[in-house]
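Quick one: sequence and predicted model below, then my questions.
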Amino acid sequence: MSSLTIGMIGLGCLLLLIALRVHIGIALGLVSIGGLAVMRSPHAAGSALASQPFEFVAHWSLSAIPMFLLMGAIAYHSGMTADLYSAARRWLSRLPGGLAVATCFASAGFAAASGSSMATAAAMGRLAIPEMLKAKYEPGLAAGVVAASGTLGSLIPPSILMVLYGIFTQQPIGQLLIAGIGPGILTAVLFATMIITRVKLNPELAPSIQEHSTWSERFRELVKVWPIPVLIAAVVVSIYAGIATATEAAAIGAAAALVIAIIRKEMNISRLKLSLFETLESTGSIFFIAVGAVLFTRFLAFSGIPVYLADLIEITNLSPLVTLMLISLVYIFLGMFLDPLGLMLVTLPVFIPVFEAVGINMIWAGVITIKFIEIGLLTPPIGLNAYVVSGIVGDKVPLMTIFRGLIWFIAVEIVVLMLLFIFPGISLYLPSLMQ
Amino acid sequence: RDLSYATYTPPTSSNNVLGMEPFIERVEERTNGDLTFTMYTGGQIFDARGTLSGIGDGLSETGFLVPQYFPQEMPIITMLTDLLMLNEHQVPAAGAFIETMLVDCGAPCMDEMERNGINILASHAASPYNILCRREIASMEDLEGLKFRSAGDAMSRAVQSWGGIPVNFSSGEIYEGLQRGQIDCAVAPKSWLLLYGLGDVVQFIYDLPIGAGVGMGTFTINHDTWEDLPRDQKEIILTELPLLLANVVIDGYGGEDVQAVAMAQDKDITLAEAPADLVALIDGLRTSEPADVAEKARTRGVENPEELIDAYIQNLAEWDEMTKDMREDTDAYAKLLWERVYSQLVEDL
Amino acid sequence: MKSVDLALGAVTRILIVVAALAALVMMSLVVLDVTLRYMTSKPLQGTLEIASYYLMAPLVFFSFPFVERQQRHVRISLVTDLLSDRLQRILTVATGFLSCAYLAFFAFKAGEEAIKKTGIGEVAPSLTFDVYIWAARWTVPISIGLMAVMLLVDTLRHIADRSEEKLK
Ligand code: NA
Ligand code: NA
C-alpha cells in the first residue's frame, strides 16, 4: 500500500472517529500513530508519542495562551468586562450588532499586542463572549466573531507565523510584517460590515438595548470602564516601548489584570481560584487537541499528500492567477485538518518553488499564505480557533453552533482573499514605502 | 531503497539547497537509483530538540542532528562542540571537528553514537559569531549594561565578561526585539542580516570572530539503517560526503557572509573594527576556555577530557594552516577532507 | 467503584492545584524577569527554560485529567445524536476502549521516556547553567495515565449501567 493511500485512509478514519464522538485530540493521535506505525515502524511511531508531545508543550512561546486566558478570566470574574460591556451597550445602542462590531475592532487592537491567532482568540474570547451572551446575542455570532477576528493576531504585527514565513522563504521580515497591516484592517472592516448587514436584516441576532439611555447615564457608565482599556494599553505599550516581548506581554497582561482587580477591591481568594481553574480548563482542552495536531502533521508529511497535491498544480502549467486559485483549494483542503504551524510546515516546502515558478511576489504570497492558514483555523473538523472558543464557553455553546456561526466569517474571508488576489496593492503598498 | 532525510532548517536554507539536494542527486545517480532520498525540511517531522530520538528511533532514517541539545546523552561529542570559542573560521573548524570526532576520538565517540542509535557521518561548522548592534560601541564602556541576545553558555559568559547582559530570545523574536529595543545587540553570524531580516534593524557590525558553532550533524543516519546498507552504497555515501561538507561550509555559510557584507554596504550598516581592549579580552577568554570545558565535561562523566581537547586544539592548528588558501576553494577543501578523514572511513568499512 | 472514583478525584485535584500554582508562578516569574531586565542590569537567568519545562509542562499536562473529569474535552456529537440509543451505547463503549488503549500506550511510551531521561539526568543547556529537566518529563505519563484510567472507569460504568437496565 502506498503512503498516499495510507494518508487518504487516515483522513477518512479521522473523520469517522470524530463523527463517533471520540475526543478530537485522541482521534488525531490515534490516526497519526497508527499511520506512522504502518508507514515507518511501530517503534518509530511510539518514539514520536514518547517525546514529541512534551517537546511541543514545553515551549516558551506557547505560554502566551494560558497567560492571556488568565488575564481574561481575572478581568471577567472581577467585573471589569461587565462594566465595559454595559457601557458599550449604551454607547453603541444605535449600531446594529454593536458589541460584536466592537469586539471585532478590539481584536484588531489586541492583535497589535499578540503574536498568535490562538492567543488573541483566547484573550478576547474570555473578555467578550460571556458578555455578548448575557446581552442575548445569537451564540454562533458571539463565538464566531471572536474566533474569526482572533485570526487578525497573525496578520497584524507582531506575528509569529509571518516571521516564520520570512525565515522559510528568506524574505525581508520587516516588509512582511508591515504587509499584514492593510489586509488586517480590511478584514476587520469587512467583518464589521457583514455583522451590521446581517443584524439589520435580522435584528434577533443581536437585540439592541430597549430602554433609552440618557447622556448622563452614558457618561456615568463611562467612568467605570477604564480597567479594560488600561489593561490592553498596558500590554500593547509594554511591547512597543521595548519593555517586553510579545510572549512576555501575556504574563504582564495577567499580572496587570490582577493588580487592577485588587486596586478596585474586586479580587478575593475564591475569585482568583475560579479564574485559575477556568484558565486551566480552557488551556487543557486547547492543548490536548494541539498535541494531537502536532502528531497529525508528522503523519500527513510522511503520507506525501501535500507534495502530491502540489505536483498536480505544477504540471498544469497555468497562469499565475489560476495557479493561485488552485493553491487556495489545496490550502483550504489541508487547512481543514492541520493546525496553523503544521499547515505552514508541510505546505511551504512544496509551494515555495511553485510561487517562484509563476513569478508571484513573495511578500504578497506571504500575506496570502497567512490568510489561507487563518481560514484553516476556522474550518471543521480541525479548526483550532473554533476549539479555543469552545474551550472557553464549554457547554454553553455547542461546537456545531460555533462552526455554523463561522460560515459567515469564512465567506467574508474568501471575499478578502479575492480582493487580495485582485489588488496586490492592499498588501504591498505599505512595504513599498519602506524601500 | 528510499531513505527519509528530515531537518528543521527551512527548505530554502543553503544547507539544503547547496548541500543536501546536490548530494542526494549525486548519490542517487551513482547508485543508479537503488538508493534514493525524500527530504522533509522545515521541521515537518521534528524540531531541533527532537532530532536525536527522531533519528535514533527511526522516525526518520537520516537527518540533521544538533548535538548541542543533548549534553547528557552525548557528553564527549558535546564537549567538543562546547569548544566553539576556539573557532575563528568555519572552514578549519569543520575539518578539525570531524577529524577529531571520527578519527582521533574513535571508539568512545562511536560508542556514544551507537548508544543513541545514530551515526554522525558529517558535521559542519557555521560562520563565526560577531556582534550586531543597534548602536555604536566605540569603547569597552559602551558595552556596560547593554542587552545581548546570545545562545549557549560560552557566548553568555563572553557577554558577561565585557559587562553586557545575556538575554535568551528565541530566534523568531530577535527581529522585533532589536526593532523595539528589548535587546541592544545580538551575538550572531553576519548572515543573520539576511536569514532573520536583521539588516533592517541593525546599525553596526563588529567584525570580530567570537567563536563559531561546530559539530552540527549535517548527515546523521540511524545506526541500524547504516549497518544494513550494502557496502558499495556506504562507500558511495562516504565518498560524496566531503563535497557535501565543502558545499555547506564554503558555498553556503561562506557565500552567505559575502552576501551579508554586500547587504550591509547597501543599507549603510557600519562594518567596524571592535575596540582593541575587547579583542584582547576575547583572546584572553579563548585561552581559559579549554580548562572550563574540560571541567564541565568531567562533571558529565567524561574521563580524561583533556586528551581529546588537546587533540582538537592540535587539529584546529593544523587545519588552520592547511586551509589558509582554500577558504573559498570548494574542491580543494573537499579533497582535503577526503584525504584526512573519509578515505580512512572507507578503508575501515 | 465509588472508592476508585474518589481516589481519581483526589489525584486530579492535587494535579490541578499544582497546575494552578505553575500558572501563578509563571505570571510572577515573567513579570519579575522583565522588571529586572528593564530596571536593572541583573536579569534572572534561566527564566525561559524554567517557564518552558517546569511551568508549561505541569500547567498544560496536569490540566488534561481535570478537563476529562469535567467532561470538557472537545468532541462532536452531531452524527451520534441521530443514531438509536442502543447503537449509541455500543459505539460509546467501543470508542471508549479504543481511546483507552491509545491513552494507555501514550502513557506507557511517555513513561519509558521519562525513565530513560531520569536515568541520564536530562538537562536543557541554558545561558549560564544547565537546567535539569528530566523531572518535568514525568508530567506526561502521570497525566495521560490518569486520563486513561478515568476513561476506562467511565467505559466500564457504561457497561454496568446497561446491565442494570436489563435487569430492571
Ligand atoms: Na499580532
Ligand atoms: Na481547519
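Received the coordinates, thanks. Ligands and ions are numbered 1, 2, ... in the order given.

Could you list the low-pLDDT ranges of chain C?
Of all residues in chain C, those with pLDDT under 70 make up the ranges C:126-128, C:165-168.

can you list contacts of whatever helix or strand residue A:393 lives in?
Using DSSP states H and E, residue A:393 maps to helix A:384-393. Contact with helix A:384-393 is made by A:24, A:69, A:72, A:117-118, A:121-122, A:125-126, A:129-130, A:133, A:139, A:143, A:146-148, A:150-151, A:281-283, A:285-286, A:289-290, A:293, A:339-340, A:377-378, A:380, A:397, A:399, A:402-403, A:406, C:72, C:74, as judged by C-beta atoms under 8 Å, 6 or more residues apart in numbering or on different chains. No exception for glycine: its C-beta is placed from N, CA and C like everyone else's.

Now intersect those residues with the helices, please.
The helices, defined by DSSP state H, take in A:24, A:69, A:72, A:117-118, A:121-122, A:125-126, A:129-130, A:133, A:139, A:143, A:146-148, A:150, A:281-283, A:285-286, A:289-290, A:293, A:340, A:399, A:402-403, A:406 from the contacts of helix A:384-393.

Now do residue A:359: how many residues are near it, please.
8 (other C-beta atoms under 10 Å in any protein chain shown).

For the residue nearest to it when sequence neighbours are not counted, list the residues it contacts.
Spatial nearest neighbour of residue A:359, excluding adjacent residues (C-beta to C-beta, 6 or more residues apart in numbering or on different chains): residue A:320 at 6.6 Å. Contacts for residue A:320 (C-beta under 8 Å, 6+ apart) come out as A:358-360.

Looking at these, which is nearest chain B?
Chain B has its nearest neighbour among the contacts of residue A:320 in residue A:360, at 15.0 Å by C-beta to the nearest C-beta.

Report the secondary structure state of the closest one.
coil (DSSP: H, G, I helix; E, B strand; the rest coil).

And for residue B:215?
Following three-state DSSP, we place residue B:215 in the strand state.

before we move on, what about the one 3 residues further on?
Recorded secondary structure, residue B:218: strand (three-state DSSP).

could you pull out the strands for chain C?
Assigned strands in chain C, in chain order: C:123-125, C:130-132 (criterion: DSSP state E).

among those, which is the most enclosed?
With neighbours defined as mean count of other C-beta atoms under 10 Å in any protein chain shown, those peak in mean count at strand C:123-125, which reaches a mean of 20.

which one of the strands of chain C lies closest to chain A?
strand C:123-125 (8.7 Å).

my guess is residue A:110 meets residue A:232, correct?
Yes - with contact defined as C-beta atoms under 8 Å, residue A:110 reaches residue A:232; the gap is 6.2 Å.

rewinding a little: is it possible to get a markdown table of the strands of chain C that adds distance to ligand 1?
What follows is those, written out as a markdown table (distance: least, C-beta to the ion, whole Å):
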| stretch | distance to ligand 1 |
| --- | --- |
| strand C:123-125 | 28 |
| strand C:130-132 | 30 |
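
Export the ones you listed to a markdown table and append columns for distance to residue A:253.
Converted to a markdown table, the strands of chain C look like this (distance: least, C-beta to C-beta, whole Å):
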| stretch | distance to residue A:253 |
| --- | --- |
| strand C:123-125 | 26 |
| strand C:130-132 | 26 |
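
Near residue A:202, how many residues? Count them for me, please.
Using other C-beta under 10 Å, residue A:202 is surrounded by 11 other residues.

what's the answer for residue B:317, then?
Neighbours of residue B:317 (other C-beta under 10 Å): 13.

where's it, which helix or strand?
Here residue B:317, judged by DSSP H and E, is contained in helix B:305-322.

quick one on the thing from earlier: mind putting the strands of chain C into JSON lines with distance to chain B?
Shown next, in JSON lines, are the strands of chain C (distance: least, C-beta to the nearest C-beta, whole Å):
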{"stretch": "strand C:123-125", "distance to chain B": "6"}
{"stretch": "strand C:130-132", "distance to chain B": "7"}
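
So for residue C:42, which of the ones you listed sits nearest?
Evaluated with C-beta to C-beta, the strands of chain C place strand C:130-132 nearest to residue C:42, the distance being 18.7 Å.

Tell me the pLDDT of residue B:136.
Listed pLDDT for residue B:136 reads 92.

for residue A:316, same thing?
Confidence score, pLDDT, at residue A:316: 68.

same thing with residue A:269?
94.

ditto for residue A:332
92.

For my notes, confirm it occurs in a strand.
No - judged by three-state DSSP, residue A:332 forms no part of a strand; its state is helix.

That one against residue A:378, yeah?
No - counting by C-beta under 8 Å, residue A:332 does not reach residue A:378; the two are 10.6 Å apart.

which one of these two has more residues nearby?
Legend: neighbour count by other C-beta under 10 Å for residue A:332 and residue A:378, higher for residue A:378 (24 against 17).
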